[in-house]
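S.K.: give me coordinates for this.
(one chain, ligands or ions: 1)
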Amino acid sequence: MSKDGFGLLLSSGKRTKAWELLGEKIEDYISSVDSLKVPQNVSLEEIQKVLSAIDFCEPVEVDEAIKWTHTLLKKHLLQIASRDYYGVFNPQASSMSLIADAFVAAHNPQLASSASAMLCIEMENHLIQYFAEKFGMNSSSAKGSFTSGATEANFMALLCALSKRIPGYRNQGLRGIEKWPTIYCSEETHGSIKRACRISGLGTDILRSIPVQSNLQMDCEQLEKQILADQEKGYHPLMVVANLGSTSSATIDPLEKIAQISQKYDLWFHVDAAWGGAALLLEEYSYLRRGISFADSLSFDPHKWLSIAMGCGMFFVKEGRSLRRAFSIESTAYMPDETQDNEQSEPYRDTLQWSRRFSGLKLFLTLLVHGEKGYSEVLRHQIKIGKYLKEQLEQNSWEVLNTTPWPVACFVDKKSGCDPKELLHLVNKTGDTWITNTELMWQKRGVLRAGISNFRTEESNIDKLIQALNKAREILTKSKSD
Ligand SMILES: Cc1ncc(COP(=O)(O)O)c(C=O)c1O
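M.R.: This is a model prediction of the structure:
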C-alpha cells in the first residue's frame, strides 16, 4: 500500500499546495463577497445540468476540484456573508470558526465518550459552564451539551420534560402516558416546537398556540386560561416554551410571568433563546437572567448572533440529571468500560447524538481570540445599526411594528400601503440587498422584515437598503396610478 493510503491522504507536496490554494480561494471569497449580487443567482435546471455531467468515473486533479467548488459557491449561493444580507439569522462566520473547523476535520475527534476525547469534552463543558452563568442558571447544577442547532435542542427539551414528569415514559413510551400532555407556546414561536411534538409521537394536536398581545409577547392571561381549560378536560399540562428573541420579530416573552405560571401549575419551563441568548453577554441585558433562572431548560444557537459557522447549537438543563434520565440507555458493551458507570457527563449517555463532532471548538477559539469584550463590541454595534435602521424607516414613512430592543425591524409601507410581497420582490430583484417577509401574529399581518445579522453592516448599507425600499414603493405606486 502506498504511504498516502492509495492517494486518499494526498502526498505531502499535494496537500501543501492544496492548503495554499484553498487559503487563496477563501480569502478571495471573504474579501469580495460585498461586491457580489446577494440573491442566489441560479436556477435548479442550471444546477442539475452542471451535476448531470459528473459521474465520478473520471477523477479530477485536486486544484481543479478546489477551483470548481470555489467558482460554484461564489457564483450561485445566497450570499449571507454579505453586509447587505438582512435575512433570518444566518451570520457571516467568524474567521476563527473556519480555523477551528479545519482543525476539527483534521483530527476528527469522536466526542461520544470521554475515553476518546476528554480534552474536547472538557472544552465544551467549560463553555457550557460559562454560558450557564451568563444565562443566570446555577452553574454548579446546570449541565448541557452542544447540538446541531436549536431544533435539536428544542426536541431535547421536550424529551427531558416527558422523562421527568411522566414516570412511565422512559420505558413504555407513549403507552406509559395516563393523561395526555399538552404543550404551550406563543403564536410567534419557531416551528421546531411543533416539529418536536410531531416527531415525539405526541402529535401536533397537543400543542396550544397562545395568542400574542399587540407587542407580540405571549398573552399570559390566555396562557393561564388555556392551562385551566386543559386541566378541566383531563389533560396534563406539561411544558411551556417562552421566546427570548422570536424568529420573526425578536420578541422577548415575559419570562418571569411565564415562570410564575409554570411553577403554579407545575409545568416544565423551557426558554428558546436560539438567537437572543447572545445578548446575555451584555451587562445591559443581565436583567433577563432573573426570568431565565427559573427555566428547566434553554436552547441557544451560537451559529446565529455569535457568528459561529453552522452548526453550533447548545442545550442547557437546570438539573444535570435530566439529561441522563432522558437519554441514557444503560450499559452498552461496545463502549469503553470506564464510561459505563461514570457519574460525570458522558455525551453518548447524555445527548441525542452518539457520534459527535467537536462543534464547540469554533466558539471556544472565537471567544479565546476576541474575548467577551470583542463580542460585546460586535453585539452593541449590531444593536446600534438596528436602531439606525428603525429610525431611517420611520423617517421615510415606513411603519415599524415590532418593539424589540434587538436589531430586527418588521415594517410596512405607511405612505401608500403597498403590498409587502410585491415590495419584497422588487427590492430583492435588484440583487444589491436582501430582505425577507413574514407574518406577525398580532392581527395576522404580512410585513417586511430586515435583521442585522452581519457584524460588518454599516449605516451606509442601511442607507442603500432604504433607497431600494423607497424606489420599490415609487415603482409600485406609479404602476397603480398609471
Ligand atoms: C427562535 C428560534 N428557535 C429555533 C430555531 C431553529 O434553529 P436551528 O435552525 O438552529 O435548528 C430558530 C431558527 O431560526 C429560531 O429562530
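S.K.: from here on, contacts and neighbour counts on C-alpha atoms
M.R.: Fine.
S.K.: get me the contact residues on the stretch 1-150 of the chain for the ligand.
M.R.: Neighbours of the ligand within the stretch 1-150 of the chain, by C-alpha under 6 Å from any ligand atom: 149-150.
S.K.: indicate the residue of the stretch 1-150 of the chain located nearest to the ligand.
M.R.: Of all residues in the stretch 1-150 of the chain, Gly149 sits closest to the ligand, at 3.4 Å by C-alpha to the nearest ligand atom.
S.K.: wait, that residue sits on Met314?
M.R.: Yes - between Gly149 and Met314 there is a contact at 6.9 Å, judged by C-alpha atoms under 8 Å.
S.K.: list residues touching both of those two?
M.R.: Common neighbours of Gly149 and Met314 (criterion: C-alpha atoms under 8 Å, 6 or more residues apart in numbering): 300-301.
S.K.: if you count what's nearby, which of those two comes out ahead?
M.R.: Using other C-alpha atoms under 10 Å, the more surrounded residue of Gly149 and Met314 is Met314, with 29 against 21.
S.K.: roughly how far apart are Gly386 and Pro59?
M.R.: Going from Gly386 to Pro59 by C-alpha to C-alpha, to the nearest Å gives 49 Å.
S.K.: higher neighbour count, those two?
M.R.: Shown here are Gly386 and Pro59; by other C-alpha under 10 Å, Gly386 has more neighbours (25 against 8).
S.K.: who touches Asp413 in this structure?
M.R.: Here Asp413 is in contact with 397-399, 419-420, 473 (C-alpha under 8 Å, 6+ apart).
S.K.: just these: which are in strands?
M.R.: Cross-referencing the contacts of Asp413 against strands under DSSP state E gives 398-399.
S.K.: can you select the buried ones among the contacts of Asp413 for me in PyMOL?
M.R.: Command for PyMOL that selects the buried part of the contacts of Asp413, burial taken from 16 or more other C-alpha atoms under 10 Å:
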select buried, resi 398+399+420+473
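S.K.: can I get the contacts of Asp413 in JSON lines with distance to Gln213 and pLDDT?
M.R.: Formatted as JSON lines, those follow (distance: C-alpha to C-alpha, whole Å; pLDDT from 0 to 100):
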{"residue": "Ser397", "distance to Gln213": "24", "pLDDT": "97"}
{"residue": "Trp398", "distance to Gln213": "22", "pLDDT": "98"}
{"residue": "Glu399", "distance to Gln213": "18", "pLDDT": "97"}
{"residue": "Asp419", "distance to Gln213": "24", "pLDDT": "96"}
{"residue": "Pro420", "distance to Gln213": "22", "pLDDT": "97"}
{"residue": "Arg473", "distance to Gln213": "29", "pLDDT": "97"}
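S.K.: using a markdown table, lay out the contacts of Asp413 together with distance to the ligand.
M.R.: Compiled in a markdown table, the contacts of Asp413 are given as follows (distance: C-alpha to the nearest ligand atom, whole Å):
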| residue | distance to the ligand |
| --- | --- |
| Ser397 | 28 |
| Trp398 | 24 |
| Glu399 | 23 |
| Asp419 | 25 |
| Pro420 | 21 |
| Arg473 | 28 |
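S.K.: hang on, the earlier thing: please name the nearest non-neighbouring residue to the residue of the stretch 1-150 of the chain closest to the ligand.
M.R.: Gly313 (4.0 Å; C-alpha to C-alpha, 6 or more residues apart in numbering).
S.K.: which residues does the one you found bridge with?
M.R.: Here Gly313 sits in beta bridges with Thr147, going by DSSP bridges.
S.K.: quick one: pLDDT of it?
M.R.: Per-residue confidence at Gly313 stands at 98 (pLDDT).
S.K.: for the one helix or strand Ala105 maps to, give me every contacting residue.
M.R.: For Ala105, the host element (DSSP states H and E) is helix 95-107. Residues from elsewhere that reach helix 95-107 (C-alpha under 8 Å, 6+ apart): 308-309, 357-359, 361-363, 365-366, 369.
S.K.: switch the cut-off to 7 Å
M.R.: Residues outside helix 95-107 that contact it (C-alpha atoms under 7 Å, 6 or more residues apart in numbering) are 308-309, 358, 361-363, 365-366.
S.K.: select from those the one having the most neighbours.
M.R.: When neighbours are taken as other C-alpha under 10 Å, the top entry among the contacts of helix 95-107 is Lys362 (30 neighbours).
S.K.: what angle separates the next helix or strand after the helix holding Ala105 from helix 95-107?
M.R.: Downstream of helix 95-107, the first helix or strand assigned by DSSP H and E is helix 114-134. Between the axes of helix 114-134 and helix 95-107, defined by axes from the mean of the first three to the mean of the last three C-alpha atoms, to 10 degrees, the angle is 160 degrees.
S.K.: just give the nearest non-adjacent residue to whatever residue of the stretch 201-350 of the chain ends up closest to the ligand, would you?
M.R.: Residue nearest to the ligand within the stretch 201-350 of the chain: Thr247 (3.9 Å; C-alpha to the nearest ligand atom). Among residues not flanking Thr247 along the chain, His190 sits closest, at 6.3 Å (C-alpha to C-alpha, 6+ apart).
S.K.: and the one you found, how far is that from the ligand?
M.R.: Relative to the ligand, His190 is positioned 5 Å away (C-alpha to the nearest ligand atom, to the nearest Å).
S.K.: where does that residue land in three-state SS?
M.R.: Classification of His190 using DSSP: H, G, I helix; E, B strand; the rest coil returns coil.
S.K.: list the contacts for the residue most central in space within the chain?
M.R.: Ranked by distance to the mean C-alpha position of the chain (C-alpha atoms, centre = their mean), the top residue is Asp301 at 4.3 Å. For Asp301, the contacting residues are 149-150, 274-275, 312-314, by C-alpha under 7 Å, 6+ apart.
S.K.: go with 8 Å
M.R.: Here Asp301 is in contact with 149-150, 273-275, 277, 312-314 (C-alpha under 8 Å, 6+ apart).
S.K.: any idea of the pLDDT on it?
M.R.: pLDDT, Asp301: 98.
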